[in-house]
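Asks: Provide a 3D model corresponding to the input given below.
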Amino acid sequence: MKQVSGFSKLSKLEKIDWLKTQLPHAYTLNVLQDYWLADRATQKLIEEFSENTIGNFILPYGVAPNFLLDGEMFAVPFVIEESSVVAASAKSAKFWLSRGGFKTKKLTTLKNGQVHFFYHGDKSELEEQFLNNKESLFNSVAELSNNMEKRGGGIKSIELKDMTAELPNYFQLYATFETCDAMGANFINSILEELGNQISHWDHTEVNMCILSNFTPECKVEVEVSCPIDSLKGVAKNVEAKDFAYKFKQAVDIAQADIRRAVTHNKGIFNGIDAVILATGNDFRAIEACGHAYAARDGSYRGLTTCDISEGEFSFKIDIPLALGTVGGLTTLHPMAKVSLEMLGNPNAQTLMKIVAAAGLAQNFGALRSLVTTGIQQGHMKMHLLNILNQLNASKEEIKRAKEYFNERTVSFSGVRDFLAKTDTLH
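Replies: Numbers count the residues shown, from 1 in each chain. Coordinates of the predicted model:
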């Protein structure tokens with residue numbers, strides 16, 4: 001690729017014309033056009049979500065039904081390219097449906113942001129100045145906070161934090177917020193910038209930046225499944241309920257003890273969480289960053305789920321921060337996000353937090369169930385059989401025969417390739 005100037009100012013077709021001069025195959029550009037939407041208004045809407053847009057990248061949109069959460073039934077939308085994630089989550093949801101379903105244990109919703117500044121003076125004078133001006137700081141953002149306050153939210157607190165143990169002369173205005181059903185990033189950042197503007201006039205004060213934090217441990221949810229150990233009967237073929245419960249707990253405990261396992265354990269949880277986050281138009285990058293930071297909150301990176309066996313009861317729980325919104329941004333604009341929220345009964349932000357956490361817990365239960373019984377590859381690769389067959393350009397008849405052949409066999413790319421080669425020889 002050659003350097004180009006003013007690329008962002010080109011129209012979509014002009015951008016594509018430039019790419020034509022850089023790419024050796026016209027096929028690439030034909031594919032781009034194949035994925036444009038016929039509805040020009042919707043296509044324009046989607047293009048305006050981002051910058052330098054020349055097409056759409058399509059991911060599968062699936063549904064995992066039978067989620068019983070706090071006594072209410074949900075069919076949960078998943079946007080993900082890996083079929084085993086949807087299958088495992090749906091299977092887990094159905095398993096727990098007859099065992100009480102998923103239950104919310106705790107929910108908090110505060111978010112936070114900081115004005116980061118450096119103070120080159122006497123710390124006691126700064127503390128006095130903050131106390132004397134705290135009320136005026138609140139007053140300075142009253143107009144910005146007014147609409148959010150009418151909905152029950154707003155700025156809840158402002159603290160002065162001494163961070164000089166971490167960095168010389170470094171302090172924060174640490175503010176907490178309630179943003180109701182909005183994720184609230186623009187609201188929070190607008191408030192913080194005005195607070196930063198106010199203190200920039202204080203003596204010896206140098207404001208560096210004003211920005212929300214995506215680490216929101218006060219905006220989290222706990223969701224649990226539980227049942228008597230005997231009720232785990234049937235969780236896997238030829239596996240006793242008691243044996244499964246203890247092996248399952250050991251697997252969860254390993255993710256608490258070993259960082260290498262914890263990372264893979266949590267990646268599996270986010271397979272479920274990210275898929276629902278994407279489907280509802282929320283920010284999966286912020287959710288992942290926060291979740292991983294929370295997993296390391298005690299100084300060691302650990303699994304985000306815990307398991308307990310006590311007095312014949314089995315319980316499995318997820319404890320995770322989820323700063324989500326159901327109004328504003330893509331949740332309001334994206335047509336498929338609207339479909340997702342309608343499918344979920346147009347939930348408020350708190351209910352969506354519960355649903356997303358339940359999806360992560362379901363996916364983790366499904367993965368661990370396979371790991372401690374049959375192993376992950378048997379079910380995982382079986383779900384990938386069709387992808388492999390498509391890669392190998394199998395015909396409809398070959399796909400049918402391959403599904404029958406691999407029904408009770410382990411799937412691998414080489415195994416499928418050899419099967420097709422043998423089939424071609426026989427026919």
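Asks: ok, Asp181 - contacts?
Replies: Arg151, Gly325, Thr326, Val327, Asn348, Ala349 (CB atoms under 8 Å, 6 or more residues apart in numbering). In short, each C-beta sits where N, CA and C put it, glycine included.
Asks: what's the distance between it and Gln129?
Replies: Plainly put, Asp181 is 36 Å away from Gln129 if you go by CB to CB, to the nearest Å.
Asks: kindly report the same for Met148.
Replies: Separation of Met148 from Gln129 (CB to CB) stands at 27 Å.
Asks: please apply the same query to Trp202.
Replies: From Trp202 across to Gln129, the span is 6 Å (CB to CB).
Asks: likewise for Leu322?
Replies: Counting by CB to CB - Leu322 and Gln129 are separated by 37 Å.
Asks: look at these two and report which has more neighbours.
Replies: Taking other CB atoms under 10 Å, Leu322 and Gln129 do not tie; Leu322 has more neighbours (26 against 18).
Asks: low pLDDT regions in the protein?
Replies: Along the chain, the parts satisfying pLDDT under 70 run over 26-27, 376-384, 424-427.
Asks: center of it, which residue is that?
Replies: Computing the C-alpha centroid of the chain and ranking residues by CA atoms, centre = their mean puts Asp274 first, at 3.2 Å.
Asks: report the separation between it and Asn147.
Replies: Distance from Asp274 to Asn147, by CB to CB: 31 Å.
Asks: over to Gln250?
Replies: Separation of Gln250 from Asn147 (CB to CB) stands at 51 Å.
Asks: can you lay out the contacts of Asp181 as TSV showing neighbour count and secondary structure?
Replies: Shown next, in TSV, are those (neighbours: other CB atoms under 10 Å; DSSP: H, G, I helix; E, B strand; the rest coil):
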residue	neighbour count	secondary structure
Arg151	13	coil
Gly325	23	coil
Thr326	24	coil
Val327	16	strand
Asn348	13	coil
Ala349	22	helix
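Asks: adding distance to Met336, write those residues out as JSON lines.
Replies: Converted to JSON lines, the contacts of Asp181 look like this (distance: CB to CB, whole Å):
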{"residue": "Arg151", "distance to Met336": "26"}
{"residue": "Gly325", "distance to Met336": "16"}
{"residue": "Thr326", "distance to Met336": "14"}
{"residue": "Val327", "distance to Met336": "16"}
{"residue": "Asn348", "distance to Met336": "20"}
{"residue": "Ala349", "distance to Met336": "19"}
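Asks: which among those gets closest to Pro65?
Replies: Closest approach between the contacts of Asp181 and Pro65, by CB to CB: Thr326, at 20.7 Å.
Asks: contacts only, for the closest one.
Replies: Asp181, Thr280, Leu341, Asn346, Pro347, Asn348, Ala349, Leu352.
Asks: ok, for it, nearest residue in space, not its chain neighbours?
Replies: Counting by CB to CB, 6 or more residues apart in numbering, Thr326 lies nearest to Asp181, which is 4.8 Å off, once chain neighbours are set aside.
Asks: identify each buried residue in the host helix or strand of Thr351, please.
Replies: Using DSSP states H and E, Thr351 maps to helix 349-371. The neighbour-count check on helix 349-371 (16 or more other CB atoms under 10 Å) flags 349-371 as buried.
Asks: right, and Leu389 touches Ile399 too?
Replies: Yes - shown here, Leu389 and Ile399 form a contact pair, counting by CB atoms under 8 Å, at 5.1 Å.
Asks: between the two, which has more neighbouring residues?
Replies: With neighbours defined as other CB under 10 Å, Leu389 and Ile399 compare such that Leu389 has more, 21 against 16.
Asks: so who does Thr280 touch?
Replies: Pro77, Leu324, Thr326, Thr331, Ala337, Ser340, Leu341, Leu344, Leu352.
Asks: run the angle between the host helix or strand of Ala75 and helix 349-371 for me.
Replies: Following DSSP H and E, the helix or strand that holds Ala75 is strand 72-79. Strand 72-79 and helix 349-371 are oriented at 70 degrees to each other (axes from the mean of the first three to the mean of the last three CA atoms, to 10 degrees).
Asks: list the contacts of strand 72-79.
Replies: 59-68, 85-86, 89, 93, 272, 275-276, 278-280, 336, 339-340, 343-345, 355, 358-359.
Asks: likewise for stretch 392-409?
Replies: Residues from elsewhere that reach stretch 392-409 (CB under 8 Å, 6+ apart): Lys382, Leu385, Leu386, Leu389, Gly415, Val416, Arg417, Phe419, Leu420, Thr423.
Asks: for these, which single residue is the most surrounded?
Replies: The contacts of stretch 392-409, ranked by neighbours (other CB under 10 Å): first place Val416, 23 neighbours.
Asks: which helix or which strand is home to that residue?
Replies: Taking DSSP H and E as the definition, Val416 sits inside helix 413-426.
Asks: alpha carbons only: can I get that helix in PDB?
Replies: The C-alpha coordinates for helix 413-426 follow below in PDB (Å, rounded to 0.1, in the frame of the first residue of the first chain):
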ATOM      1  CA  PHE A 413      -9.600 -30.900   9.700                       C
ATOM      2  CA  SER A 414      -7.300 -33.700   8.500                       C
ATOM      3  CA  GLY A 415     -10.000 -36.300   9.400                       C
ATOM      4  CA  VAL A 416     -12.600 -34.500   7.400                       C
ATOM      5  CA  ARG A 417     -10.300 -33.900   4.400                       C
ATOM      6  CA  ASP A 418      -9.300 -37.600   4.400                       C
ATOM      7  CA  PHE A 419     -13.000 -38.700   4.600                       C
ATOM      8  CA  LEU A 420     -13.900 -36.500   1.600                       C
ATOM      9  CA  ALA A 421     -10.900 -37.800  -0.400                       C
ATOM     10  CA  LYS A 422     -12.000 -41.400   0.400                       C
ATOM     11  CA  THR A 423     -15.600 -40.600  -0.500                       C
ATOM     12  CA  ASP A 424     -14.500 -39.100  -3.800                       C
ATOM     13  CA  THR A 425     -12.400 -42.200  -4.600                       C
ATOM     14  CA  LEU A 426     -15.400 -44.500  -3.900                       C
END
